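Engineer: predicted coordinates and the sequence they were generated for:
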Amino acid sequence: MPDQVNDFLKDYQAFAQQSWDAWMRYLQQSGAPAPFGAGPAAMAPSEDLLTRSLSSLKAYGSWLQQAAGGAGGMGPLGNWQQPAAMQPFLAAFSQPFAQTIAGIDTPSAFGLEHQWQSWLQAMQRSGMSGMAGVGGMGGMGAMGAMGAMPGAMPSQMPNFGLTREAQKDQQALTAAIHEYMQISARYQALLQQVNTQGIARLQEMLGQRTEPGKQVDSMKALYDLWVDAMEEAYANMALSDEYRDVFGALVNAQMQVRKLQQQQTEQMCRELGIPTRSEVDSLGQRVQQLRRELQASRQREIQSVPDNSEVDALQAEIAELKRELAASKASKIRPIARKSDDNDNKTAAASRAKTARSASGKRK
Amino acid sequence: MHTPLHIDPQQAFNEMAGFQRKLAAGVQNLRGLTEQEYANTPREAIYSEDKLTLWHMKGSSNPTAKVPTLIVYALVNTVWMTDLQEDRSLVRNLLAQGEDVYLIDWGYPDGADRWLTLDDYLNGYLDRCVDVVRKRHGLDAINLLGICQGGTFSLCYTAMHPEKVKNLITMVTPVDFRTPDNMLSQWVQSMDVDLFVNTMGNIPAELMNWVYLMLKPLRLNQQKYVGMVDILDNPNELKNFLRMERWIFDSPDQAGEAFRQFIKEFFQQNKLIKGDLQIGKQPVDLGMISQPILNIYATQDHLVPPDASRPLGRHVSTTDYTELAFKGGHIGIYVSGRAQREVAPAIHQWLRDRS
């Protein structure tokens, strides 16, 4: 069996590689729609982004390979309760989790490292590498090496001389990056706890599936169960006060770094006579205020001018009333007898009665 | 006792090979597929301002409803979730029931919109859209159908302009922003929103998408795509999948100031139900809402948990309040088969009873 397993895995690896290559070729074709994943970013013709797009599938493929390799070696998986026997499965699950978390670390989200490198390159290209601290930071490579940054400006060193302000700015940035890295490490530790708790939850779930009919009978079913367990563990963590505080601190720390980067960039732009983000924002704010005033003015105008349709309706009503009034006046000068026979009769009778009463009175 | 894993090694190998085979074949099926269109129900633009467009949606026959309904969508994502594809369209279903439907497409804010406030959105854009529809129909008041954040906006608007709203429908709408099961709320509580907005300006759509994906990272970033492999050989299902992907990721940036206000005053301070919310110069008191309300929530909503929606009934003064629990999630309430059968007819019936 082990030889067969090895042969199969060898063939599988070759097949899988061909498959991934075909997908990469497809994605690299110009005009191919973004198949899935992080939208506009997935459409960018960068191999890095394409790899990210495929990372979820690749993670699953790798897990299948690793877990099934374990399955092959373990036979029917009868001794799942033994930690050693389950190890191949459990170890295999760490990879898709880590890959998923890393795969969604997009440039505009928490990929501060990518941003940092782009910013640094831009600063160096623009001639700012001579600025205190910037050149030194170029040697840090990944931000993970922050603690050992060659040439980084010590955050507590007093500043003096012509470049005093630049030194101060650089110290603040160094301190902010340092804080970000510390909080990022705390955040990663929480995610690692999720991984551990998720695996423990998976074992519990498996323990509830020992009855025939409830057993896990495919690799996909096992994977789905693992996802359920991990999501449960993740939700518990994500709703905790600890996660709330670390997440908030992570966002705040990243924003602090970005803010200081922006300040330095603006300083450089001012020196080069290029409009800055603050200036554009300031203009935007004024334009928005003008737009509001314009709208308010339009509204006042609309309210001060009567609605034409209402005026038309009122005019029509007045005209109708005038017609009725004229008709009424005309009717008053018409002879009464013309109105109707009934009225004529009633009027004549009343007249006769009046005459009679009058005559009778006179007689009295 | 039996083992919980009843997986034959040979079967495991077959699964692996099958997965790779489907994946390899799937590349062929993806070739030639272009960007998937939404339902594109016939419509007419009747008003536009800045990035906003007010659409009048056209059914195959004239509407029978006398009072039109204006759909107010969230600023996040696009309103086309309500008209996603021909056989999964809330808009089409409402039109088929005889409703007269308008909807607001907020557009894609850019740097010029960085300073738009909630006052600009609600007492500006939304109010002007309502006026356009009212005037067009010669009515004092129209129906509002608010969705998600758009539902929250509709509540605020109705409280501020009660004379312009006849009936109010809210769908998957957050009202209490501080319930313990609300992950988004939990995450923003320790955030310095002022620093965030001052630094970012407008909030990039990609960042918003990242946050939504992180609500269920494995399910939304991995399991979904593993599942996709099974439909790679089904062109129709694949198109539906890609269309949904388009909707999920083709989303607008958020205007910085409006975002700042929304996170601070709604998520962090929960002012909507505390009663001390103010939009512009106008107080927002949910107690002012005496209009009939239909509040629809999704029982499995991971973005707006039912507990965030259900408290609405306790804070409004209307005596005509109806709740409808939809068995599904935040997106399923628009696109699932069950939604096609249940949601639009329920809305239509409720409106007809109040026409």
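Structural biologist: Happy to help now that I have it. The structure presented is a predicted model; accordingly, all values stated were derived computationally and were not measured.
Engineer: so for the helix or strand hosting residue B:19, what gets flagged as buried?
Structural biologist: Secondary-structure assignment from DSSP states H and E places residue B:19 in helix B:9-30. Of all the residues in helix B:9-30, those buried under the rule 16 or more other C-beta atoms under 10 Å in any protein chain shown are B:9, B:12-13, B:15-17, B:19-20, B:22-24, B:26-27, B:30. Yep, even glycine has a C-beta here, placed from its N, CA and C like the rest.
Engineer: among those residues, which are in reach of chain A?
Structural biologist: B:9, B:12-13, B:15-17, B:19-20, B:23-24, B:27, B:30 (C-beta under 8 Å from any C-beta of the partner chain).
Engineer: now the two most distant members of those.
Structural biologist: B:9 and B:30 (32.0 Å; C-beta to C-beta).
Engineer: returning to what we had before: tabulate the buried residues of helix B:9-30 (CSV), appending distance to residue B:312 and pLDDT.
Structural biologist: Compiled in CSV, these are given as follows (distance: C-beta to C-beta, whole Å; pLDDT from 0 to 100):
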residue, distance to residue B:312, pLDDT
B:9, 55, 80
B:12, 50, 83
B:13, 54, 83
B:15, 47, 87
B:16, 50, 85
B:17, 53, 86
B:19, 46, 88
B:20, 50, 85
B:22, 46, 88
B:23, 46, 85
B:24, 51, 84
B:26, 45, 83
B:27, 48, 80
B:30, 44, 80
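Engineer: ranges for the helices of the stretch 101-250 of chain A?
Structural biologist: A:112-125, A:134-137, A:164-207, A:219-238, A:241-272 (DSSP state H, counting those that start in this stretch).
Engineer: what does the average pLDDT come to for the third one?
Structural biologist: Pointing back at helix A:164-207 there. Per-residue pLDDT over helix A:164-207 has a mean of 90.
Engineer: before we move on, what SS does residue B:55 have?
Structural biologist: Assigned by DSSP: H, G, I helix; E, B strand; the rest coil, the conformation of residue B:55 is strand.
Engineer: which among the helices of the stretch 101-250 of chain A is found nearest to chain B?
Structural biologist: Relative to chain B, the nearest member of these by C-beta to the nearest C-beta is helix A:241-272, separated by 2.4 Å.
Engineer: the closest one packs against which elements?
Structural biologist: helix A:112-125, helix A:164-207, helix A:277-304, helix B:183-188, helix B:193-200 (3 or more C-beta pairs under 8 Å, 6 or more residues apart in numbering or on different chains; DSSP states H and E).
Engineer: swap the cut-off to 6 Å and go again
Structural biologist: helix A:164-207, helix B:193-200 (3 or more C-beta pairs under 6 Å, 6 or more residues apart in numbering or on different chains; DSSP states H and E).
Engineer: how about those helices in TSV, adding distance to residue B:235 and mean neighbour count?
Structural biologist: Converted to TSV, these look like this (distance: least, C-beta to C-beta, whole Å; neighbours: other C-beta atoms under 10 Å in any protein chain shown):
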stretch	distance to residue B:235	mean neighbour count
helix A:164-207	36	17
helix B:193-200	40	18
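Engineer: tabulate those helices (a markdown table), appending distance to residue B:133.
Structural biologist: Compiled in a markdown table, the helices and strands packed on helix A:241-272 are given as follows (distance: least, C-beta to C-beta, whole Å):
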| stretch | distance to residue B:133 |
| --- | --- |
| helix A:164-207 | 47 |
| helix B:193-200 | 32 |
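Engineer: among those, which comes closest to residue A:14?
Structural biologist: Residue A:14 lies closest, by C-beta to C-beta, to one member of the helices and strands packed on helix A:241-272: helix A:164-207, at 30.4 Å.
Engineer: by contact count, what packs against the closest one?
Structural biologist: helix A:83-103, helix A:219-238, helix A:241-272.
Engineer: tell me the mean pLDDT for the second one?
Structural biologist: Averaged across helix A:219-238, pLDDT comes to 94.
Engineer: show me what that helix is packed up against.
Structural biologist: Against helix A:219-238 (3+ C-beta pairs under 6 Å, 6+ apart) you get helix A:164-207, helix B:217-218.
Engineer: redo that, cut-off 10 Å
Structural biologist: On a contact count with 3 or more C-beta pairs under 10 Å, 6 or more residues apart in numbering or on different chains; DSSP states H and E, helix A:219-238 meets helix A:47-74, helix A:83-103, helix A:164-207, helix A:241-272, helix B:9-30, helix B:183-188, helix B:217-218, helix B:224-228.
Engineer: which one of the ones you listed lies closest to residue B:247?
Structural biologist: Of all these, helix B:224-228 comes closest under C-beta to C-beta, at 13.8 Å.
Engineer: which strands and helices lie in contact with the closest one?
Structural biologist: Short answer (3+ C-beta pairs under 10 Å, 6+ apart): helix B:224-228 packs on helix A:47-74, helix A:219-238, helix B:9-30, helix B:235-249.
Engineer: just for the stretch 1-150 of chain B, where's the confidence low?
Structural biologist: In the predicted model of the stretch 1-150 of chain B, residues B:1 satisfy pLDDT under 70.
Engineer: so where do the strands sit in it?
Structural biologist: B:43-49, B:52-57, B:69-72, B:101-105, B:142-147 (DSSP state E, counting those that start in this stretch).
Engineer: go on, the stretch 251-355 of chain B?
Structural biologist: Using DSSP E, counting those that start in this stretch, strands in the stretch 251-355 of chain B cover B:277-279, B:282-284, B:293-298, B:321-326.
Engineer: TSV please, covering these and showing mean pLDDT, distance to chain A and mean neighbour count.
Structural biologist: Putting the strands of the stretch 251-355 of chain B into TSV (pLDDT from 0 to 100; distance: least, C-beta to the nearest C-beta, whole Å; neighbours: other C-beta atoms under 10 Å in any protein chain shown) gives the following:
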stretch	mean pLDDT	distance to chain A	mean neighbour count
strand B:277-279	98	14	19
strand B:282-284	97	14	17
strand B:293-298	98	17	24
strand B:321-326	98	21	16
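Engineer: would you turn these into TSV with distance to residue B:143?
Structural biologist: As requested, those are arranged in TSV below (distance: least, C-beta to C-beta, whole Å):
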stretch	distance to residue B:143
strand B:277-279	21
strand B:282-284	20
strand B:293-298	10
strand B:321-326	14
